[in-house]
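Enquirer: pasting the structure only:
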């Protein structure tokens, strides 16, 4: 469905996306595009949705180059970042126009519009002008316009930005439902926790480079290859003595209340720590894993590549 | 999966989709640019008649040339063109249109057409109203065609420069208010590169109204009315086509600034 072969994007002298290669298969499902601001997520989305041509390499969506390609655009729905809408228009009239521009036959348009509005839960409020809509409502209308023509690929750029928790959960459910219905969903975000809840596949971008790709468990395995920080609260000198004997130790920091250790392969050291505490060898009052989550992988990878 | 809409369907959908904008603030401002000067002229003429004074039959011609054609028409273009495709570029809503399978080159005309028709309606009403002040009825059609043709060309020109240049409105204003007035000092060839020349060729030359000291060194030339109208329509069509081509070929991303020159 999507393939990039050393595709890159430049904005004049600035590199938006380094030469990147990956493939997404045809089947439905949700793919998360993770990265901090400026990582290249929007650049990648602009390449995939045909807004910008690649500066180098090749981008293929449904087997074709997407830039100004009606055959690709007819099968693609995009929800760009932000909540900007055309000023002075009503949602239902605007959606009708977007449906016509998507090539939906006039006879099918009312049904398509009603279906899209029902999916996003805006059927009874579509008559409102954009100016009187909340951010969440505008976001739903933006999603409705992307769903009007029943796309095979739905791309959302930072869709959770500015949404309240309830609206986020609703949007997540919606995306899961669409993915279950066979739509391939590509969603970008820098909110790692939400993406981890949502996706079965992650692309990790940083500074215009694809750092990693894989499922959440696969990404989590990266944790083993990178130091993990643990805070051990107890008698500092005794804890430090035990820590320096561990082959996985990368960094040791002694604090007033204990030590902070940075260790590689936490899966190996944690059982030994547990055994030592149980045997009374080291006086540990508490153990705080400082970064044993997906955020940590992200931080480690980005720090390594900074 | 849906098929890509035809260019005509794209123009129709865009024009109808954005038509409600005409009945909002900018649309009424556009109408006022014609209605206010014409209305004031009619009121002044009515007061003069009530006081038993004669109204000069050339007054209508003066309002037409010095008011509508020279000042109001360019301002109308400066007001309406930024509400066309340039508005989507600045509001960053253009990507929503560009990710549709519809032909991108048809979008500028589709967005500009409602403004052209709305302006045309008010210009025709204005010229017809001015006829009550006097003037040769045989030249009425020429005056209508002159304003409509020039409005078509000026709106298209400003739409094009709005897509090509970041400060397109400024460039348009400079053209209208610096280049056009120079028509009186231009040699014949350059006179033909102004809207004023074609408007005057269609609406009737003002040569008899122009004093020798206003002519400076150059003689006013005139084109055949049909040719002048054809030039205005063709020039407008060329500008719409170039605007469409510019939009089609220029990558415009989510930031909305890639097309700015």
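Expert: Looks like it came in fine. Everything quoted here is computed from the prediction, not taken from an experiment.
Enquirer: now the helix or strand that contains residue A:4: buried residues?
Expert: Secondary-structure element containing residue A:4, defined by DSSP states H and E: strand A:2-11. With burial defined by 16 or more other CB atoms under 10 Å in any protein chain shown, the residues of strand A:2-11 counted as buried are A:2, A:4, A:7-10. To be clear about C-beta, it is placed using only N, CA and C from the backbone, and glycine gets the same treatment.
Enquirer: look at the closest residue in space to residue A:160 that isn't next to it in sequence and report its pLDDT.
Expert: Nearest non-adjacent residue to residue A:160, counting by CB to CB, 6 or more residues apart in numbering or on different chains: residue A:168, 5.2 Å away. The predicted local confidence for residue A:168 comes out at a pLDDT of 82.
Enquirer: and the closest residue to chain A within the stretch 1-150 of chain B, its phi and psi?
Expert: When CB to the nearest CB is the measure, the stretch 1-150 of chain B has its nearest residue to chain A at residue B:17, with 2.9 Å between them. Residue B:17 adopts backbone torsions of phi -60, psi -40, taken as degrees, to the nearest 10.
Enquirer: any idea which element the spatially closest residue to residue A:189 that is not a sequence neighbour lies in?
Expert: With CB to CB, 6+ apart as the criterion, residue A:189 has its nearest non-adjacent residue at 5.0 Å, and that residue is residue A:195. For residue A:195, the enclosing helix or strand under DSSP H and E is helix A:192-198.
Enquirer: and whatever helix or strand comes next after that helix, what other elements does it pack with?
Expert: Beyond helix A:192-198 on the C-terminal side, the first helix or strand identified by DSSP H and E is strand A:201-206. Taking 3 or more CB pairs under 8 Å, 6 or more residues apart in numbering or on different chains; DSSP states H and E as the contact definition, the neighbouring helices and strands of strand A:201-206 are strand A:29-34, strand A:209-214, helix A:216-221, helix A:294-305.
Enquirer: for the stretch 151-300 of chain A, which residues are neighbours of chain B?
Expert: Residues of the stretch 151-300 of chain A that fall close to chain B, judged by CB under 8 Å from any CB of the partner chain: A:152, A:157.
Enquirer: and the strands in the stretch 151-300 of chain A?
Expert: When assigned using DSSP state E, counting those that start in this stretch, the strands of the stretch 151-300 of chain A occupy the ranges A:153-157, A:184-189, A:201-206, A:209-214, A:228-234, A:249-254, A:258-263, A:284-289.
Enquirer: state the pLDDT value of the residue of the stretch 201-306 of chain A found nearest chain B.
Expert: Distances between the stretch 201-306 of chain A and chain B by CB to the nearest CB are smallest at residue A:208, namely 14.5 Å. pLDDT, residue A:208: 77.
Enquirer: coming back round to it: next, the angle strand A:153-157 makes with the strand holding residue A:4.
Expert: Between strand A:2-11 and strand A:153-157, the angle comes out at 30 degrees (axes from the mean of the first three to the mean of the last three CA atoms, to 10 degrees).
Enquirer: is there proximity between strand A:2-11 and chain B?
Expert: Yes. Against chain B, strand A:2-11 shows contacts by CB under 8 Å from any CB at residue A:11.
Enquirer: packing partners of that strand?
Expert: strand A:14-24, helix A:41-48, strand A:56-61.
Enquirer: buried deepest among those, which one?
Expert: Of all these, helix A:41-48 has the most neighbours on average by mean count of other CB atoms under 10 Å in any protein chain shown, namely a mean of 27.
Enquirer: can you name the residues that contact the residue nearest to residue A:189?
Expert: Residue A:195 is in contact with A:32, A:34, A:187, A:189, A:202, counting by CB atoms under 8 Å, 6 or more residues apart in numbering or on different chains.
Enquirer: closest to residue A:276 out of the residues you listed?
Expert: Of all the contacts of residue A:195, residue A:202 has the smallest distance to residue A:276: 35.1 Å, by CB to CB.
Enquirer: now the closest one, nearest residue through space, not along the chain?
Expert: Computed as CB to CB, 6+ apart, the closest residue to residue A:202 that is not its neighbour in sequence is residue A:32, at 4.6 Å.
Enquirer: can you pull the contacts of that neighbour?
Expert: Residue A:32 sits in contact with A:187-189, A:195-196, A:198-199, A:201-203, where contact means CB under 8 Å, 6+ apart.
Enquirer: which of those tops the neighbour count?
Expert: The residue in these with the most neighbours, by other CB atoms under 10 Å in any protein chain shown, is residue A:187 (27 neighbours).
Enquirer: and that residue, how far from residue A:239?
Expert: In this structure, residue A:187 and residue A:239 are separated by 43 Å, where distance is defined by CB to CB, to the nearest Å.
Enquirer: likewise for residue A:114?
Expert: Computed as CB to CB, the residue A:114 to residue A:239 distance reads 65 Å.
Enquirer: which one's more surrounded, these two?
Expert: Under the neighbour definition other CB under 10 Å, residue A:114 and residue A:239 were set side by side, and residue A:239 has more, 23 against 12.
Enquirer: my guess is the more buried one contacts residue A:255, does it?
Expert: No. With contacts counted by CB atoms under 8 Å, residue A:239 stays clear of residue A:255, the gap being 9.8 Å.
Enquirer: what residue in the stretch 51-200 of chain A comes nearest to chain B?
Expert: For the stretch 51-200 of chain A, the residue positioned closest to chain B under CB to the nearest CB is residue A:97, at a distance of 2.9 Å.
Enquirer: ok, what's across the strand from residue A:209?
Expert: On the basis of DSSP bridges, residue A:209 is bridged to residue A:206.
Enquirer: ok, it touching residue A:40?
Expert: Yes. Because the distance of 7.2 Å satisfies CB under 8 Å, residue A:209 is recorded as touching residue A:40.
Enquirer: where do the contact lists of those two overlap?
Expert: Taking CB under 8 Å, 6+ apart as the contact definition, residue A:209 and residue A:40 share the neighbouring residues A:18, A:20.
Enquirer: out of these two, which sits in the busier spot?
Expert: Neighbour tally, residue A:209 and residue A:40, criterion other CB under 10 Å: the higher count belongs to residue A:40, 24 against 16.
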